[in-house]
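Enquirer: what follows is a predicted structure for the sequence shown.
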Amino acid sequence: MIWNAFLLAIREIRRNLMRAFLTTLGIVIGVAAVVTMVTLGNGATRSIQEQVSSLGSNLLIMRPNRSFGAGTGGSSPPDFKLVDAEAIEREIPGVRAVAPSALRGGSAVYLQQNWTTQATGITNDYFTVANWEIADGRIFSDTEQAGARAVCIIGDTLRTKLFAGHDPLGQKMRFRSLTCEVVGTLKPKGQGGFGNDQDDVILMPLKTLLRRVWGASSSQEIPTIYISAKDGYDTDEVTQDITALMRQRRNLQGAQGDNFQIIDTKQIAQTLSSTTQILTALLGAVAAVSLLVGGIGIMNIMLVSVTERTREIGTRLAIGALEREVLWQFLVEAVVLSSLGGVIGIALSLIASITLSNVMNLPYQFDPFINLLAFGFSAGIGVLFGFMPAKRAARLDPIEALRHE
Amino acid sequence: MSLLEFRDITKTYGMGTAAVQALRGVSLGIDKGEFVAVMGPSGSGKSTAMNILGCLDTPSTGAYVFEGAHVETLTRDQRALLRRHYLGFVFQGFNLLNRTSAQENVELPLLYRGVSPAERRRMALEALASVGLAGWEHHTPGELSGGQQQRVAIARAIATNPSVLLADEPTGNLDSARSVEIMQLLTQLNQERGITVLMVTHEPDMAQYANRIIRFVDGLVADDTRKEAAL
Ligand SMILES: Nc1ncnc2c1ncn2[C@@H]1O[C@H](COP(=O)(O)OP(=O)(O)OP(=O)(O)O)[C@@H](O)[C@H]1O
Ligand SMILES: [Mg+2]
């Protein structure tokens, strides 16, 4: 009986293709909108997660808390010392690597090329902590670290902007007043989570940056310490342990607030991706409303169609069609129409989301769940909004229906 | 025993002061193989009686016995099944499905009977051939003349081999030449295939093709005349 109803529905739809198309347009647009929105939203979430994880795994960033200056009597809180980093590495369980670092902006010069950038002074643990890999050359040797030698490793942006075409290895370049030798290049990471270029970096030994770029006065001051937690350790616990240790080392009494802060990149990732997920859900919901409107469109057309085909229904009933057969016919017709709309909508969303992902520079991934859900939803809308017109058709009195003009 | 039997049938439309009594106690029996013409002035209850005979409607009081079954006690679906298996209908307005080929129109009742596609096609083509429309199976109603459309409707009604064919003013929309063709066709179906034919008509010329004329006046049978067997 259902198969028969299906054949009848197909026949009826074929008989009036244009109207069928217009009827389903609402569903087509609704499904396409929902699937595209959700696919793009998922892409955005994934892109953020990828970018944050490219910062480093289980990465904690410790900085003096400038906004908490008031607690220490007006003067801004002090930077960290190298020994702080050593103490953390020695005393806190669950710490895999500790990388003290300092930053200095300035321009880099090679031959006639000039590029404004930043240099980061690091220890070799930084490579582990911040997920940097060497593309060419090598990392710093212990003697270079200890002796504050004038050597540097450059990011991919500098390689292309400053050394355009030349092999930078072994070349001498200048950063501010320091002339240093390039001993390595970094593998590119791409754009960061905030649209920044992560590859626009120069790395040099921490001591080199502190003594020879910043100047002797700040030789012990370290503004940032990167800490990487071991796998299997809870970063919250590690953060608590470090906080306790640092409070002690910075002589903070019970009531005094922390004058430093520890940022957990995992939390940033979670916050950012939950924000995009909420946005995705919102956009999806807005799009779902258009699906509902599409359903009302189907009901409208089905009601018109029942009125228009009253004589046909009368004929079918007179010939011996059962009430439920007429009900099924119209219900199946509504469901076939709306599912057809769903299929076309999904096809459209495929094109739209691949194109838009490309334009917006987001990773594209086919999400079978949302596609199935949208399809199921469109079929469900056919049932929901097709039922009333179908019921009306089935309940018609054959004699009156036959007389209908 | 008659094939169809009305026992003191009444039919009242509406309620209270607005009530119209379309049939006021009709008793009649129709035997297998008869060709009955129902006549009478407008509003005399012809269509009402046909609708009850065709199991499309139920009487207000009285009993309608169809091959031993009391139709007035049947449910809507049971009456639909009765129509599906034993009755064929021809309407004044043809009532063919638009934009649907003659063959598909004729296949419609077979579809509800659950006949297989190949068998459906064979039976539909056979029915179309028997009404003289071989070769017209792919034409849609819009491409056929009124007489041809009514012949498609007759083919649809007889494709299932019904025992009774009911026709309410089948020639009402046709000119006299076309009407004669339809009457000849009905006569042929009645004589060659033994189908019982019940037909409402206003035209005495058309009624002459029947072998029994029942005249309704004011909701009652005023006259019931059988012609002597085969002229
Ligand atoms: N559905 C209905 N509701 C109310 N009254 C009805 C209904 N159908 C028929 N009637 C009334 O019942 C009476 C008989 O109607 P019926 O249609 O049987 O007449 P008829 O003999 O077929 O007439 P005609 O030759 O004009 O077709 C008429 O008075 C008509 O107005
Ligand atoms: Mg009438």
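Expert: The structure has been received and is ready for your questions. Remember, it's a predicted structure, so these values are computed and weren't measured experimentally. Ligands and ions are numbered 1, 2, ... in the order given.

Enquirer: for the rest of this, base every contact and every neighbour count on C-alpha atoms.
Expert: Fine.

Enquirer: how about low-confidence regions in chain B?
Expert: Counting by pLDDT under 70, chain B contains low-confidence ranges at B:228-231.

Enquirer: tell me which residue lies nearest the centroid of the chain.
Expert: In the absence of a named chain, this looks at chain A. In chain A, the C-alpha nearest the mean C-alpha coordinate belongs to residue A:45, at 2.2 Å (CA atoms, centre = their mean).

Enquirer: try chain B instead
Expert: The structure's chain B has its C-alpha centroid closest to residue B:166; by CA atoms, centre = their mean the separation is 0.9 Å.

Enquirer: helices and strands around the helix or strand harbouring it, which ones?
Expert: In the assignment (DSSP states H and E), residue B:166 maps to strand B:164-168. If you count contacts as 3 or more CA pairs under 8 Å, 6 or more residues apart in numbering or on different chains; DSSP states H and E, strand B:164-168 packs onto helix B:46-53, strand B:87-90, strand B:196-200.

Enquirer: what does the first one rub up against?
Expert: The one in question is helix B:46-53. Outside of helix B:46-53, the residues within contact range by CA atoms under 8 Å, 6 or more residues apart in numbering or on different chains are A:399, B:4, B:11, B:22-23, B:38-40, B:57-59, B:64, B:166, B:168, B:200, B:216.

Enquirer: pull out the buried members of those.
Expert: Neighbour counting by 16 or more other CA atoms under 10 Å in any protein chain shown classes A:399, B:4, B:11, B:22-23, B:38-40, B:57-59, B:64, B:166, B:168, B:200, B:216 among the contacts of helix B:46-53 as buried.

Enquirer: just those residues that are near ligand 1?
Expert: On the criterion CA under 6 Å from any ligand atom, residue B:22 are the entries of the buried ones among the contacts of helix B:46-53 that sit beside ligand 1.

Enquirer: what segments of chain B are helices?
Expert: Here chain B has its helices, by DSSP state H, at B:46-53, B:76-86, B:102-112, B:117-130, B:146-158, B:176-193, B:204-207.

Enquirer: got the angle for the longest one vs strand B:196-200?
Expert: Yep, that's helix B:176-193 we're talking about. Helix B:176-193 and strand B:196-200 are oriented at 160 degrees to each other (axes from the mean of the first three to the mean of the last three CA atoms, to 10 degrees).

Enquirer: same question for the third one.
Expert: Helix B:102-112 runs at 120 degrees relative to strand B:196-200, counting by the same axes, to 10 degrees.

Enquirer: ok so, going back, and the strand holding residue B:166, which strands flank it?
Expert: Next to strand B:164-168 in the sheet, as set by DSSP bridges, lie strand B:87-90 (parallel), strand B:196-200 (parallel).

Enquirer: what are the contacting residues of that strand?
Expert: So strand B:164-168 is contacted by B:47, B:50, B:54, B:86-92, B:157-158, B:195-201 (CA under 8 Å, 6+ apart).

Enquirer: now do stretch B:171-189
Expert: Stretch B:171-189 has contacts (CA under 8 Å, 6+ apart) with B:35, B:92-93, B:131, B:146-147, B:150-151, B:195, B:197, B:201, B:206, B:209-210.

Enquirer: how does it look with 7 Å?
Expert: Contacts with stretch B:171-189, where a contact means CA atoms under 7 Å, 6 or more residues apart in numbering or on different chains, come from B:92, B:93, B:131, B:146, B:147, B:195, B:206, B:209.

Enquirer: give the contact list for the last one.
Expert: Spelled out, that is residue B:209. B:183, B:187.

Enquirer: next up, phi/psi of it, please.
Expert: Reported as degrees, to the nearest 10, the phi and psi values for residue B:209 are phi -70, psi -20.

Enquirer: show me where the stretch 51-200 of chain A has helices.
Expert: If DSSP state H, counting those that start in this stretch is used as the criterion, the helices of the stretch 51-200 of chain A fall at A:82-91, A:125-129, A:142-146, A:156-162.

Enquirer: between the ones you listed, which one is nearest to chain B?
Expert: helix A:156-162 (68.4 Å; CA to the nearest CA).

Enquirer: for the residue nearest to residue B:14 when sequence neighbours are not counted, what are its contacts?
Expert: In this structure, residue B:14 finds its nearest non-sequential neighbour in residue B:20, 6.3 Å apart by CA to CA, 6 or more residues apart in numbering or on different chains. Residue B:20 makes contacts with B:12, B:13, B:14, as judged by CA under 7 Å, 6+ apart.

Enquirer: got the contact list for residue A:185?
Expert: A:134, A:135, A:136, A:137, A:153, A:154, A:155, A:156.

Enquirer: the second one contacts residue A:183, doesn't it?
Expert: In this case it means residue A:135. No. At 11.0 Å, residue A:135 and residue A:183 do not qualify as touching, with contact defined as CA atoms under 7 Å.

Enquirer: higher neighbour count, these two?
Expert: residue A:183 (20 against 13; other CA atoms under 10 Å in any protein chain shown).

Enquirer: any idea how far the more buried one is from residue B:123?
Expert: Relative to residue B:123, residue A:183 is positioned 91 Å away (CA to CA, to the nearest Å).

Enquirer: one more: residue B:221?
Expert: Residue B:221 sits 38 Å away from residue B:123, going by CA to CA.

Enquirer: quick one, strands of the stretch 51-200 of chain A?
Expert: For the stretch 51-200 of chain A, the strands defined by DSSP state E, counting those that start in this stretch occupy A:59-64, A:95-110, A:113-122, A:134-137, A:151-154, A:172-175, A:178-186.

Enquirer: can you pick the most crowded of the contacts of stretch B:171-189?
Expert: Counting by other CA under 10 Å, top hit in the contacts of stretch B:171-189: residue B:195 with 24 neighbours.

Enquirer: contact partners for that one?
Expert: By CA under 7 Å, 6+ apart, residue B:195 lies in contact with B:33, B:163, B:164, B:165, B:189.

Enquirer: residues near residue B:60, how many?
Expert: Residue B:60 has 15 neighbours, counted by other CA under 10 Å.

Enquirer: what ranges does the stretch 301-405 of chain A have for its strands?
Expert: Assigned by DSSP E, counting those that start in this stretch, the stretch 301-405 of chain A shows no strands.

Enquirer: show me the helices in it, by range?
Expert: Under DSSP H, counting those that start in this stretch, the stretch 301-405 of chain A gives helices at A:310-319, A:323-360, A:368-394, A:398-403.

Enquirer: of all those, which one comes closest to residue A:37?
Expert: helix A:323-360 (8.0 Å; CA to CA).

Enquirer: for that closest one, packing partners?
Expert: If you count contacts as 3 or more CA pairs under 7 Å, 6 or more residues apart in numbering or on different chains; DSSP states H and E, helix A:323-360 packs onto helix A:2-15, helix A:17-55, helix A:368-394.

Enquirer: now check the second one, is it near chain B?
Expert: Just to be clear, that refers to helix A:17-55. No. Using CA under 7 Å from any CA of the partner chain, helix A:17-55 stays clear of chain B, with a minimum separation of 12.2 Å.

Enquirer: between that helix and helix A:368-394, how many degrees?
Expert: Angle, helix A:17-55 to helix A:368-394, by the same axes, to 10 degrees: 160 degrees.

Enquirer: buried set for helix A:17-55?
Expert: Neighbour-count burial for helix A:17-55 flags A:20, A:23-49, A:51-55 (criterion: 16+ other CA under 10 Å).

Enquirer: do the shortest one as well
Expert: Going by neighbour count (16+ other CA under 10 Å), the buried part of helix A:2-15 is A:4, A:5, A:6, A:8, A:9, A:12, A:13.

Enquirer: what's the farthest-apart pair in these?
Expert: Using CA to CA, the pair of those lying farthest apart is A:4 and A:13, separated by 14.2 Å.

Enquirer: got a list of what residue 149 touches?
Expert: Going with chain A. Residues near residue A:149 by CA under 7 Å, 6+ apart: residue A:208.

Enquirer: that's the wrong chain, I meant chain B
Expert: Per CA under 7 Å, 6+ apart, neighbours of residue B:149: B:94, B:141.

Enquirer: and chain B, which residues reach chain A?
Expert: Applying CA under 7 Å from any CA, we find that chain B lies next to chain A at B:56, B:77, B:80, B:81, B:83, B:84, B:95, B:97, B:99, B:109, B:112.
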